[in-house]
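Participant: Here is my input, please return the structure:
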Amino acid sequence: MAATGSEKQGSKAFYVTTPIYYVNDAPHLGHAYTTVAGDVLTRWHRQRGEKVWYLTGTDEHGQKIMRTAEANGVSPQEWCDKLVEEAWKPLWEHLNIANDDFIRTTQKRHTDRVQEFVQDLYDKREIYKGGYEGPYCVGCEEFKLPGDLIEAEDGTKLCAVHKKPVEILKEENYFFKLSEYGPKLLEFYEANPGFVQPESARNEVLNFVKQGLEDLSISRSTFDWGIPVPWDKEHVIYVWIDALLNYATAVGYNENPEKFDATFPADVHLIGKDILRFHAIIWPAMLMAQGLPVPGRVAANGWLMVGGEKMSKSNLTGIKPQDLTSHFGVDAYRWYFLRAIAFGQDGSFSWEDFSARYTSELANDYGNLASRVAAMVGKYFGGELPAATAEGDAEKALHEGLAKAVETADRKIGEELDFQAGILAIFDFVKQVNGYITEQEPWKVAKDESEEGRARLATILYTAAESLRAVAVLLNPIMPETSQALWDSLGAEPSLGALGTQPVQSAATWGQLPAGATITKGAVLFPRLEDPKKA
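Facilitator: Predicted coordinates:
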């Protein structure tokens, strides 16, 4: 189990990474899914009061990038620069991704350190020269084993991921002695059963390693778009060795020991399941060979599916995130995929499902609740939050419901990476607050102008507003813009401080919103959707 916020204070940062993404094309929903998940996880830990470091970036070397650049009539570096600055970075800004660093594998801070790492392994005789011939998928940038291939109707061998023919390559390369690390890896997996998640991914890794590992080709000599092997300039370092090392080079490996010791290794590597073996087998073996600590966890998310196909450019199912944010809004986008799909499993996206969940849960359950409470405080108390002086069993049930929601959400999101269950716990509480208002009928209580009646009405509306205060805190890592709007409408900041400083664990502490706060009815949090066909 991960350390608590208090344990981490003054020690190592909670370090989360996404894969570094190939810049052969613009990002699609699959890329954004992993990046939003990492952002929610790190924002959650920040609101635990922990030191956090969130890394993302781009993978810019390799044959795939070189061929894409050639097809577009530019150099590989020009292609990478264009895609990073015009597509990748703007999208992460658009989606409110609060990453601490963005690394590019063409940066000198990376390339120099990669050469040093590989040179160290060579000097330790962990690397040797040899020959290799076998099927290679340029899309995966990976030599394939027989079990990784499928057969087309004409007998052509295809990559099972990209459904495209593999190339048979024969090269003289340098090899890392990966085969020697099988027993060490199995011992490590046994001692750390939570290292690979979910369980299906762990089983895949165990089975693969138990079959016996082959030494890994760590150089290429048939093209030059890569980091040169330091002792042999006729070779470039295999793009996956280059790429994996970003997790170390970005935080000061061989350059800033203080930062490196305070950050490395990653607590969580968030990855797609198609790159599981690189992260759960090759990466820890490389670190073991170098005498460096291995990551805390490798969490493989499933594939986003459209029409039964994995979402990707090669399968023509890539969808721009902006196609959805322009209709549903950025916060709803961030919420939907983590709410609708269990992290670690494949999940299907459809416009209809998004629309239905948006209307039911965001607009009706959550947004309407915020509007109703603000409107009633305005109507019955002139916008000034009254004090709760007549609490009873109904209020006590909400206090208990909130405590349960906070405990569940903190455990599920902060520890287990079960974003769906954490979000559901929060929205179960939203439903409970809606049920409370329906049962208490404040519009009827308002007709009783006696002292007891006014006290009861004040208690109902304070309870509802205080519940929304807690919801704003809990949903801030997931939906920061609408949570801030709700925070502002509750008049919370003058006395409680900025929303981002509110600890998620203390959201359950009842009575934080002060009586007398000015409640305003702002813009609707989740407006009614227009039919895109009519827009």
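
Participant: need the next SSE after the helix or strand of the chain with the lowest mean pLDDT, C-terminal direction.
Facilitator: Within the chain, no helix or strand scores below helix 5-8, which has a mean of 39 by mean pLDDT, DSSP states H and E. Per DSSP states H and E, helix 5-8 leads on to strand 14-22 as the next helix or strand towards the C-terminus.

Participant: and that following strand, which strands flank it?
Facilitator: The pairing partners recorded for strand 14-22 under DSSP bridges are strand 52-59 (parallel), strand 268-272 (parallel).

Participant: Show me which residues of whatever helix or strand Ile168 lives in are buried.
Facilitator: If you go by DSSP H and E, Ile168 is part of strand 167-176. If you call a residue buried by 16 or more other CB atoms under 10 Å, then strand 167-176 has these buried ones: Leu169, Glu171, Asn173, Tyr174, Phe175, Phe176. All C-beta atoms are positioned from the backbone trio N, CA, C, and that covers glycine.

Participant: quick one: least confident of the residues you listed?
Facilitator: Here the lowest pLDDT out of the buried residues of strand 167-176 sits on Leu169, with 70.

Participant: contacting residues for Ser495?
Facilitator: Pro514, Ala517 (CB atoms under 8 Å, 6 or more residues apart in numbering).

Participant: My error: substitute Leu529 in the last question.
Facilitator: Applying CB under 8 Å, 6+ apart, the residues near Leu529 are His327, Phe328, Ser355, Tyr358, Thr359, Ala363.

Participant: and the first one, how many neighbours does it have?
Facilitator: It stands for His327. 18 (other CB atoms under 10 Å).

Participant: do the same with the second one
Facilitator: Phe328 is surrounded by 20 other residues when neighbours are defined as other CB under 10 Å.

Participant: and what of the last one?
Facilitator: For Ala363, the number of neighbouring residues by other CB under 10 Å comes to 19.

Participant: quick one: it from Ala370, how far?
Facilitator: Separation of Ala363 from Ala370 (CB to CB, to the nearest Å) stands at 11 Å.

Participant: quick revisit: same list as before, the contacts of Leu529 that is, but in CSV and with pLDDT and distance to Val114 included.
Facilitator: Below are the contacts of Leu529 laid out as CSV (pLDDT from 0 to 100; distance: CB to CB, whole Å):
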residue, pLDDT, distance to Val114
His327, 95, 42
Phe328, 97, 40
Ser355, 96, 46
Tyr358, 97, 44
Thr359, 97, 49
Ala363, 97, 49
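
Participant: how far is stretch 433-451 from where the chain is centred?
Facilitator: Put simply, stretch 433-451 sits 41 Å off its chain's centre (CA atoms, centre = their mean, to the nearest Å).

Participant: re the thing from before, can you put the strands paired with strand 14-22 in CSV and add mean neighbour count?
Facilitator: Listed next are these as CSV, based on neighbours: other CB atoms under 10 Å:
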stretch, mean neighbour count
strand 52-59, 24
strand 268-272, 23
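
Participant: In a markdown table: these, plus mean pLDDT.
Facilitator: Below are the strands paired with strand 14-22 laid out as a markdown table (pLDDT from 0 to 100):
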| stretch | mean pLDDT |
| --- | --- |
| strand 52-59 | 98 |
| strand 268-272 | 97 |
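
Participant: Let me know which of those strands is the nearest to Thr105.
Facilitator: With CB to CB as the measure, strand 52-59 is the member of the strands paired with strand 14-22 nearest Thr105 (5.6 Å).

Participant: State the next helix or strand along the chain beyond that closest one.
Facilitator: Moving toward the C-terminus from strand 52-59, the next helix or strand (DSSP H and E) is helix 63-71.

Participant: Could you list the buried residues of that following helix?
Facilitator: Quick answer for helix 63-71 (16+ other CB under 10 Å): Gln63, Lys64, Ile65, Met66, Thr68, Ala69.

Participant: Then stretch 437-445?
Facilitator: By neighbour count on 16+ other CB under 10 Å, the buried set for stretch 437-445 is Ile437, Gln440, Pro442, Val445.

Participant: Output that stretch as PDB - backbone C-alpha positions only.
Facilitator: Provided in PDB are the C-alpha atoms of stretch 437-445 (Å, rounded to 0.1, in the frame of the first residue of the first chain):
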ATOM      1  CA  ILE A 437     -34.200  17.400  -0.200                       C
ATOM      2  CA  THR A 438     -37.000  15.500  -1.800                       C
ATOM      3  CA  GLU A 439     -38.000  14.000   1.600                       C
ATOM      4  CA  GLN A 440     -37.600  17.200   3.600                       C
ATOM      5  CA  GLU A 441     -39.500  19.300   1.100                       C
ATOM      6  CA  PRO A 442     -38.100  22.700   2.100                       C
ATOM      7  CA  TRP A 443     -40.600  24.500  -0.200                       C
ATOM      8  CA  LYS A 444     -43.300  23.200   2.100                       C
ATOM      9  CA  VAL A 445     -41.400  23.900   5.300                       C
END
